[in-house]
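can you look at this prediction? I've put the sequence above it.
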Amino acid sequence: MGLHTWFYKEKELYEEYVALNDKLYAYEINEIYLDDIEILQINHRIDEISKINDCRYHDLFRTHKRNSDGTYTNDVIYSKNECFKWLKDNREFVSYKNTVFDSEEEERELKRTSYKVLNKFWNEYPNGVIAFG
């Protein structure tokens, strides 16, 4: 079925979340040193951001798009216009199905519904973000 779509309310919080996770990863692979207090503070902030930035939208579509090295895409969508352009440009990699058993007709209806909900998301959170994972 592909990668899940994750929706976030605010771009700035999403970028802070990613930067903090990157910092923890750099520590885990011994690129940087962090003491126990710093690790605790970073994890606390990550938890805070997760609670603040999470929203009720999820999996309005999925993608099986891959990077040139074969790994799943690391694309991130930052606006309503970018979202609908991304969906159009990557339509061969996008699915709207809830299960692999959904018919083409069911998927067309799910796509229509997803587009309505995507519009609602972007109207509610114009500085939102859609990421895949």
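Looks like it came in fine. Residues are numbered from 1 along each chain as shown.

R45 reaches L20, doesn't it?
Yes. Counting by Cβ atoms under 8 Å, L20 is a contact partner of R45 at 6.0 Å. Any C-beta I mention is one placed from the backbone N, CA and C, and that applies to glycine too.

neighbour count winner among those two?
Between R45 and L20, counting by other Cβ atoms under 10 Å, L20 is the more crowded of the two (16 against 13).

helices of the protein, start to end?
11-28, 36-53, 80-89, 104-124 (DSSP state H).

which one, of those, ends up nearest to Y96?
For Y96, the closest of those is helix 104-124, at 4.1 Å, according to Cβ to Cβ.

show me what that closest one is packed up against.
strand 54-58, helix 80-89 (3 or more Cβ pairs under 8 Å, 6 or more residues apart in numbering; DSSP states H and E).

now render the ones you listed as JSON lines, adding mean pLDDT, distance to G70 and mean neighbour count.
Shown next, in JSON lines, are the helices and strands packed on helix 104-124 (pLDDT from 0 to 100; distance: least, Cβ to Cβ, whole Å; neighbours: other Cβ atoms under 10 Å):
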{"stretch": "strand 54-58", "mean pLDDT": "93", "distance to G70": "26", "mean neighbour count": "13"}
{"stretch": "helix 80-89", "mean pLDDT": "98", "distance to G70": "20", "mean neighbour count": "15"}
